[in-house]
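K.L.:
model this:
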Amino acid sequence: MAGSLLWNIVGGVIGFLITTFAALMTNPLSTSIVRGIIGGVIWFGIVFGFRWIAHMLLHGSGDSNYSNQARERTSDTARGQNIDYTTPDGEDLHAILTSSSVESSSSTAHSDQAVEFTPMNPPKLVTKPPLNDEQLAQAVRHLTQK
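P.N.:
Numbers count the residues shown, from 1 in each chain. Predicted coordinates for the structure are as follows:
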């Protein structure tokens, strides 16, 4: 597991001390020590649980997985260390480098389709003339009657 049993013991002692001092404020010494021991055992278990979860996250769920993952990690460390900077030498590469990429991409895109550009003609928005006072009064009367 991640770490050693010392972390569990330290967690248990810290839990014992915190619980004992907290219980001493309202309880007699014997009751505080008993509660401190219970708190220490609980903290020991909590630290053990965190260590167990950390072990599962770091190494997988089983010992066989651990040995397989260790082998994979050693083989993965060699990956990406060497980079091949050579480029293939050929006429296609020379043609790509000498031609303009914008011209070639635009000419191939429009050579297949001979569509002319036509702008959109959306309908014009028309505003209504403002209502006079009599029409507004009729609208309010109509709404209040319903």
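
K.L.:
From the chain's centroid, how far away is the helix or strand containing Met56?
P.N.:
Using DSSP states H and E, Met56 sits in helix 29-59. Here helix 29-59 is found 31 Å from its chain centre; the criterion is Cα atoms, centre = their mean, to the nearest Å.

K.L.:
Next: stretch 50-61.
P.N.:
Using Cα atoms, centre = their mean, the offset of stretch 50-61 from its chain centre is 20 Å.

K.L.:
what packs against the helix holding Met56?
P.N.:
helix 5-24, helix 63-76 (3 or more Cβ pairs under 8 Å, 6 or more residues apart in numbering; DSSP states H and E). Every residue, glycine included, has its C-beta placed from N, CA and C.

K.L.:
Quick one: mean pLDDT over the next helix-or-strand element following the last one.
P.N.:
From helix 63-76 onward toward the C-terminus, using DSSP H and E, the following helix or strand is helix 91-98. Taken as a whole, helix 91-98 has an average pLDDT of 75.

K.L.:
Over to stretch 49-65?
P.N.:
pLDDT averaged over stretch 49-65 gives 75.

K.L.:
What are the buried residues along it?
P.N.:
Arg51, His59 (16 or more other Cβ atoms under 10 Å).

K.L.:
mean pLDDT for the helices and strands packed on helix 29-59: which is lowest?
P.N.:
It's helix 63-76: among these, that one has the lowest mean pLDDT, namely a mean of 57.

K.L.:
center of the chain - which residue?
P.N.:
Against the mean C-alpha coordinate of the chain, by Cα atoms, centre = their mean, the closest residue is Leu57 at 17.0 Å.

K.L.:
how many neighbours does the spatially closest residue to Leu24 that is not a sequence neighbour have?
P.N.:
Sequence neighbours aside, Ser32 is the residue nearest to Leu24 in space, at 4.6 Å (criterion: Cβ to Cβ, 6 or more residues apart in numbering). Neighbourhood size, Ser32 [other Cβ atoms under 10 Å]: 18.

K.L.:
And for Arg141?
P.N.:
By the measure other Cβ under 10 Å, the count of residues near Arg141 is 9.

K.L.:
gap between it and Glu134?
P.N.:
Applying Cβ to Cβ, to the nearest Å, the value for Arg141 to Glu134 is 11 Å.
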